[in-house]
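Asker: structure of the sequence below:
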Amino acid sequence: MATAADGPGGGDSPFTAALLDHIDTPGLDVKEMFFRVGEDVNDKTKGAQRPQISVSFYDRYALVPGGPASSSHDAGATARSKLATNVRNLGSLLRHG
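Answerer: Purely as a prediction, here's the structure:
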C-alpha cells in the first residue's frame, strides 16, 4: 500500500492542494474534478504519486452549480446552492485555517 506525501514544511499534500484548486469550480463535474486533481498530483510529484480514480457514477454532478440551470428556485436548486456554499466555506477553511 502506498501513502501520500505531505506538502513542503508540513503544508498541504499535493492531493489536498490540487483538490482545493478545483473543488469550488462552478459547473465542474465531480468526475472531471477528480481527473484534474489526479493530473495535477501526477505532474506535481513527477509521477511519484498517481491517485487512483474509480468511476461508477455516470450522471453529471457539479459540487458548485454554474450556468443558467442553477438559477432555478426549486428545492433541488436550493439544496445545490447550500451545498455550493458549504463547499466554498470548506475550501476557504482548509486554505486559511
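Asker: contacts, neighbours, all on C-alpha from now
Answerer: Fine.
Asker: and residue 62, what are its bridge partners?
Answerer: residue 29 (DSSP bridges).
Asker: and the gap between it and residue 40?
Answerer: Distance of residue 62 to residue 40, computed by CA to CA, to the nearest Å: 19 Å.
Asker: and residue 27, by the same measure?
Answerer: The gap separating residue 27 from residue 40 is 19 Å, by CA to CA.
Asker: now do residue 11
Answerer: Taking CA to CA, one finds residue 11 at 16 Å from residue 40.
Asker: more crowded one of the two?
Answerer: When neighbours are counted by other CA atoms under 10 Å, residue 11 and residue 40 differ, and residue 40 comes out ahead with 20 against 10.
Asker: how close does the most centrally placed residue in the chain get to residue 57?
Answerer: Nearest to the geometric centre of the chain sits residue 23, at 2.8 Å (CA atoms, centre = their mean). To residue 57, residue 23 is 18 Å away according to CA to CA.
Asker: okay, now residue 47: neighbour count?
Answerer: 11.
Asker: hmm, back to that, could you measure the residue nearest to the centre of the chain against residue 85, distance?
Answerer: 12 Å.
Asker: joint contacts of those two?
Answerer: The contact sets of residue 23 and residue 85 overlap at residue 64 (CA atoms under 8 Å, 6 or more residues apart in numbering).
Asker: report the buried residues of stretch 26-37.
Answerer: Within stretch 26-37, the residues scored as buried using 16 or more other CA atoms under 10 Å are 28, 29, 30, 31, 33, 34, 36, 37.
Asker: how about the closest residue to residue 34 other than its chain neighbours, secondary structure?
Answerer: For residue 34, ignoring the flanking residues on the chain, the nearest one in space by CA to CA, 6 or more residues apart in numbering is residue 53 at 7.2 Å. Put simply, residue 53 is coil when judged by DSSP: H, G, I helix; E, B strand; the rest coil.
Asker: what residues are up against residue 53?
Answerer: 34, 35, 38.
Asker: ok, of those, which one's closest to residue 66?
Answerer: residue 34 (17.6 Å; CA to CA).
Asker: what strand or helix carries the closest one?
Answerer: helix 30-44 (DSSP states H and E).
Asker: go on, residue 18?
Answerer: helix 14-22.
Asker: right, I'll leave it there.
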